[in-house]
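Visitor: I'd like to go over a predicted model; first the sequence, then the structure.
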Amino acid sequence: RSFVGGNRPDDWSYRRPNRKHMVLNSVYLPTIEYTGAGVVVLGIDSSGSVSNEEIAQFLGEVRAIHSEMRPDALHVVWCDSRIQHMDLYGPFDTFDDKKRYACGGTAMRPVFEWVQAQGIMPDSFIMFSDMELFTDDCAGIVPPCPVLWVATGDGPQPFGEKIRLRLD
């Protein structure tokens, strides 16, 4: 959740004046307020190696991000060896967490290529996976923003940060 929200400048505020200018120049200037999650892309690995329990855990995390962070746009992209399904949610839309799309091979490259092809500039990019990826699956990919891999397995991530998701 700390990866997704609170790091996008939204507005200026005098509630907490800029202390640097108060001390140096004796001037009261506003500070930037950081709220909102902006545009979030969530890629979900729906390959055959991902169990239904892992999918349920992924969807629980996605639901929590959607309901707590209220991103301006939440793109949920289901991918096995190709893009299987995409959903776009606004901040107050109802999130559908009852479906699983596909169950084929594993490749996460199509998610990054889809985002680039759509011209989406996400503020946050999160991939949910069991990390059973091919070594060169994401070779040559330059993500448009930092990427967080939420993993149930121990495999290495191609780039970005990785956190381990324990199954309930």
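Guide: Alright, I've got the coordinates. Being a predicted model, the structure only gives us computed values, none of them experimental.

Visitor: doesn't K162 fall inside a strand?
Guide: Yes. Using DSSP: H, G, I helix; E, B strand; the rest coil, the assignment for K162 is a strand.

Visitor: what distance do you get for it to D93?
Guide: 29 Å (Cβ to Cβ, to the nearest Å). From N, CA and C alone the C-beta is placed, and that goes for glycine too.

Visitor: give me the more crowded residue out of those two.
Guide: Neighbours were counted for K162 and for D93 using other Cβ atoms under 10 Å; K162 has more, 19 against 11.

Visitor: got the phi and psi for the closest residue to that one other than its chain neighbours?
Guide: Spatial nearest neighbour of K162, chain neighbours left out: W149 (4.2 Å); criterion: Cβ to Cβ, 6 or more residues apart in numbering. When read as degrees, to the nearest 10, the backbone of W149 gives phi -100, psi 120.

Visitor: quick check, W149 in contact with M131.
Guide: Yes. Assessed by Cβ atoms under 8 Å, W149 is found in contact with M131 at 7.1 Å.

Visitor: identify the contacts common to those two.
Guide: Residues touching both W149 and M131 (Cβ atoms under 8 Å, 6 or more residues apart in numbering): 157, 162.

Visitor: in terms of neighbours, single out the busier of these two.
Guide: Of the pair W149 and M131, W149 is the one with more neighbours under other Cβ under 10 Å, namely 25 against 21.

Visitor: hmm, back to that, what's near enough to touch the residue nearest to K162?
Guide: Counting by Cβ under 8 Å, 6+ apart, W149 makes contact with 126-127, 129, 131, 157, 160-163.

Visitor: go ahead and build a ChimeraX selection from the buried members of those.
Guide: Command for ChimeraX that selects the buried part of the contacts of W149, burial taken from 16 or more other Cβ atoms under 10 Å:
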select :126,127,129,131,157,160,162
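
Visitor: what packs against the strand or helix carrying I126?
Guide: Under the criterion of DSSP states H and E, I126 resides in strand 124-129. Counting contacts by 3 or more Cβ pairs under 8 Å, 6 or more residues apart in numbering; DSSP states H and E, strand 124-129 packs against strand 39-45, helix 52-69, strand 147-151.
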